[in-house]
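Novice: just the structure for this:
(chains A, B, C and D)
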Number of protein chains: 2
Amino acid sequence: MGDDSGDSGGGVTGDGVSATGTVGGGASGADSTAGAGGAHVTLQDVARRAEVSLATASRVLNGTTQVRADLRERVLAAASELAYAPNAHAQALARASSHSIGLICHDVSDPYFAAIARGVTRTAADHGLLVMLASTFRDPAREVDYVAMLRAQRARAILLIGSGFEDREWEHAMSAELDPYIRTGGRVAVLSRHRSLRVDTVQPENREGATALARALLDLGHRDFAVLTGPRALTTVSDRLGGFRDALTDAGIDLPDDQIIEESFTRDGGYAAATELIRRGSRATCVFALTDVMAIGALSAFRDHGVDVPGQVSLAGFDDIPIVRDLVPPLTTVALPLEELGERVMNLALREPARRSRVERITGKVVLRASTTAPRRRHAG
Amino acid sequence: MGDDSGDSGGGVTGDGVSATGTVGGGASGADSTAGAGGAHVTLQDVARRAEVSLATASRVLNGTTQVRADLRERVLAAASELAYAPNAHAQALARASSHSIGLICHDVSDPYFAAIARGVTRTAADHGLLVMLASTFRDPAREVDYVAMLRAQRARAILLIGSGFEDREWEHAMSAELDPYIRTGGRVAVLSRHRSLRVDTVQPENREGATALARALLDLGHRDFAVLTGPRALTTVSDRLGGFRDALTDAGIDLPDDQIIEESFTRDGGYAAATELIRRGSRATCVFALTDVMAIGALSAFRDHGVDVPGQVSLAGFDDIPIVRDLVPPLTTVALPLEELGERVMNLALREPARRSRVERITGKVVLRASTTAPRRRHAG
DNA sequence: GCGCATTCTGAAAGCGCTTTCTGCTACCGT
DNA sequence: ACGGTAGCAGAAAGCGCTTTCAGAATGCGC
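Specialist: As a prediction, the model looks like this:
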């Protein structure tokens, strides 16, 4: 009875399946038991077959208490012969706790979220947790709905990965869901700034990152800038835009409103914004796209319109999603350790709740690549 | 009693929260009820507060039966005042069905899976379902474990998105989990070919797609090919490689074994494979990477080693992940409607189970882009 | 060989919800 | 005004599991 079935936590039988072979008997598989539209095998069935009580069967499968070796064997054998799978709902109900966590992001297929989700799922797996993934497709209302669903699921933790909205009504609705969840022991952690949510936070230093980027671009000699931005209501937008603008102001440089183009936070949004910029005949020598994803779209737009990057205009992004290394030219950006961000926010949610909310600040690192150079000549208006 | 709270399905209270204001009383919010580490609000609590029976409260919240208007009001009010969230586990237990589906892929952060996951989550959301996402990180054992977990969760359906493994032991272990799941009413749908799994399938025509691609490349004038491939045990690999090779063979052209480089199915795998190809001094004028993701790595490797694409060597991929439009040069590939694939596999799983497993074949479309041209000159060994 | 401490097993009470099943009230036709 | 029939509320029996509690079996010391 050494180290076998050290089955920590999960209670998943899985590994027992192939052990069936050790049971002497005939070749009768599981098929001798259940018919076509068979009902679920319950712990009761297992107990009956092993000729033990329900309690004993439960104890064996959970390793709660020591159980006499022969009974133990019988239960394990019965469970695997019947291909028993515990009903997680019944377990969750009886134990008043579940093995899943909720992850809410804007869009899984966005490389930014995908990278973070990777960190989250990996970490969750290390703890035997299952991730319930929700994509809001950038609809605030849907975000609230999902929190309600996850609350109903008694998710052990809820992770909000998307940027917060600066919107009174939304904040109110969100709090109305989150507060009772937290009050009953739910854990919440968010990535990026959420104005009014008093929860544990992993906070990329968007403002500082954008400032540092602006300085680096100023150092390259740029004086005329344009910014491709997402919806103003997102905290990420106001932080990055604010930090960038402030750095310019400090350097005595103005960022005219007509050089700030607002579009959706997507590749196509970036494409549209850059196209609009070209249409307006911008004199900017350097364009800052608030996210790499937008920058990718912008890069293609410039290429399609015969604007050379960085020859005619320099382009910078933010996030350092993996793909930007492979672009031509490789993109200057503010690097965030995305996968680690996911890992941290997961760990934060798993840690003992603190008296007051914790904030982990993550510093972005400016990475200058070939998409930015010193301005050669004015980009003719 | 018109169209308000038409609360179809979900039973999520959410929207009721702000209605609290209509109750005349004092400013006492929910805080008058629960303390700090408060217990969960149960339906019983709601019923008590509304002075109705448990059954009535349940009926109101589910819209099962008509309930007298005043009682109905009282229940709704009580629920929102208490910020009641039904316990999904208890519901799942009582109803013997749940609102979640399982999605198993290799790695969410791979654009191929991310795009498919997007289609799946969108479709799932349309049906009020929550997606439990599992990334196996390409570990077959983990894949089986996840099926066990999802089975325990009584997921309404399990979607296997990754390629199947051609491995007896794995197939056996997988069937051992899947068979009982299906037998008890679980729905399983897979994307890509799984040799021994008799389940509903959305099947991209990998073989045919690769054949068509090969023909197109032959038409361009290429005669010397190399292939960058993933692990041979994946059905996707054997199908695409097989189809490609067959087309060459039909044209009387040999694909030497040393021109087939096996690496992991990732961007870095593609990079490594292309680097190895260069090291070997290949005379291939055209390289086929079995996936776009590998092709992206290969493209960067060629660039880093000063090999011009398509000048010195043409490069083609497979899948048409969104980003390939933005590469330089844009990648020739076999386009698969990825998001639609996710949608289809989800719908397949949701449809009434059929007597025998259905197979939806999806034809890939060869898209020639700038990464392939006619061979100019032999790529010097 | 007896009493007591020590395991280990089994019976049973929930966990929070749905859903019969039963019983009531109120309304209809005549 | 009366029987009949909807229509609706409440009691209670589960759903499948965990876990206390009490009881049975084992081992020990003396």
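Novice: make it CA atoms for all contacts and neighbour counts henceforth
Specialist: Noted.
Novice: which stretches in the stretch 51-200 of chain A count as helices?
Specialist: Under the criterion DSSP state H, counting those that start in this stretch, the stretch 51-200 of chain A carries helices at the ranges A:54-62, A:69-81, A:88-95, A:111-126, A:140-152, A:168-183.
Novice: any idea which of those gets closest to B:A79?
Specialist: helix A:168-183 (12.5 Å; Cα to Cα).
Novice: next, the angle from that closest one to helix A:140-152.
Specialist: In terms of direction (axes from the mean of the first three to the mean of the last three Cα atoms, to 10 degrees), helix A:168-183 departs from helix A:140-152 by 10 degrees.
Novice: who does helix A:168-183 touch, helix- and strand-wise?
Specialist: Contacts defined by 3 or more Cα pairs under 8 Å, 6 or more residues apart in numbering or on different chains; DSSP states H and E place helix A:168-183 against helix A:140-152, strand A:187-191.
Novice: quick one on the thing from earlier: so can I have CSV of the helices of the stretch 51-200 of chain A showing distance to A:D304?
Specialist: Shown next, in CSV, are the helices of the stretch 51-200 of chain A (distance: least, Cα to Cα, whole Å):
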stretch, distance to A:D304
helix A:54-62, 62
helix A:69-81, 61
helix A:88-95, 53
helix A:111-126, 23
helix A:140-152, 34
helix A:168-183, 39
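Novice: who in chain A is up against DNA strand C?
Specialist: For chain A, the residues in contact with DNA strand C (Cα under 7 Å from any atom of the strand) are A:51-56, A:65-69, A:71, A:90, A:93-94, A:96.
Novice: return a ChimeraX selection command for the buried portion of these.
Specialist: Burial among the residues of chain A next to DNA strand C is assessed by 16 or more other Cα atoms under 10 Å in any protein chain shown; the matching ChimeraX selection reads:
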select /A:52,54,56,71,90,93
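Novice: could you list the low-confidence segments of the stretch 1-150 of chain A?
Specialist: A:1-37 (pLDDT under 70).
Novice: just give me the neighbour total for the closest residue to chain B within it.
Specialist: Nearest to chain B, among the residues of the stretch 1-150 of chain A, is A:M132, at 4.1 Å (Cα to the nearest Cα). Using other Cα atoms under 10 Å in any protein chain shown, the number of residues around A:M132 comes to 24.
Novice: rewinding a little: closest to A:F288 out of the helices and strands packed on helix A:168-183?
Specialist: strand A:187-191 (22.5 Å).
Novice: next, count neighbours for A:G364.
Specialist: There are 23 residues near A:G364, going by other Cα under 10 Å.
Novice: scratch that, A:R151
Specialist: When counting by other Cα under 10 Å, one arrives at 27 neighbours for A:R151.
Novice: now for A:S175: which residues touch it?
Specialist: Applying Cα atoms under 8 Å, 6 or more residues apart in numbering or on different chains, we find A:S175 in contact with A:L197.
Novice: likewise the one 4 residues further on?
Specialist: For A:D179, no residue meets the contact criterion (Cα under 8 Å, 6+ apart).
Novice: need the nearest residue in space to the residue nearest the centre of chain A, chain neighbours excluded.
Specialist: Nearest residue to the geometric centre of chain A (Cα atoms, centre = their mean): A:A117, 3.7 Å. Distances taken as Cα to Cα, 6 or more residues apart in numbering or on different chains place A:G342 nearest to A:A117, at 6.2 Å, with adjacent residues excluded.
Novice: from B:V46, how far out is that neighbour?
Specialist: In this view, A:G342 and B:V46 are 37 Å apart by Cα to Cα, to the nearest Å.
Novice: just A:A251 next, same as before
Specialist: Taking Cα to Cα, one finds A:A251 at 61 Å from B:V46.
Novice: more neighbours: these two, which one.
Specialist: Taking other Cα under 10 Å, A:A251 and B:V46 do not tie; B:V46 has more neighbours (26 against 13).
Novice: any residue of the strand or helix carrying the more buried one up close to chain A?
Specialist: Assigned by DSSP states H and E, B:V46 falls within helix B:43-50. No - if you take Cα under 8 Å from any Cα of the partner chain as the test, helix B:43-50 misses chain A, and the best it gets is 12.3 Å.
Novice: report the distance from that helix to the chain centre.
Specialist: 41 Å (Cα atoms, centre = their mean, to the nearest Å).
Novice: do stretch A:123-131 as well
Specialist: Centroid displacement of stretch A:123-131 relative to its chain, using Cα atoms, centre = their mean, is 13 Å.
Novice: for stretch A:267-281, same thing?
Specialist: 28 Å.
Novice: which parts of that stretch are buried?
Specialist: A:R267, A:D268, A:G269, A:G270, A:Y271, A:A272, A:A273, A:A274, A:T275, A:E276, A:L277, A:I278.
Novice: quick one: is it near chain B?
Specialist: No - against chain B, stretch A:267-281 shows no contacts by Cα under 8 Å from any Cα, the least distance being 9.3 Å.
Novice: which residues touch the closest residue to DNA strand C within the stretch 201-350 of chain A?
Specialist: Nearest to DNA strand C, among the residues of the stretch 201-350 of chain A, is A:L350, at 22.0 Å (Cα to the nearest atom of the strand). Applying Cα under 8 Å, 6+ apart to A:L350 gives the contacts A:A157, A:R187.
Novice: where's it relative to chain B, distance?
Specialist: For A:L350, the distance to chain B equals 17 Å [Cα to the nearest Cα, to the nearest Å].
Novice: how about the strands in chain A?
Specialist: Counting by DSSP state E, chain A has strands at residues A:100-105, A:130-135, A:157-160, A:187-191, A:200-204, A:225-229, A:260-262, A:286-289, A:314-316, A:333-335, A:359-362, A:365-367.
Novice: deepest of those, which one?
Specialist: strand A:314-316 (a mean of 30; mean count of other Cα atoms under 10 Å in any protein chain shown).
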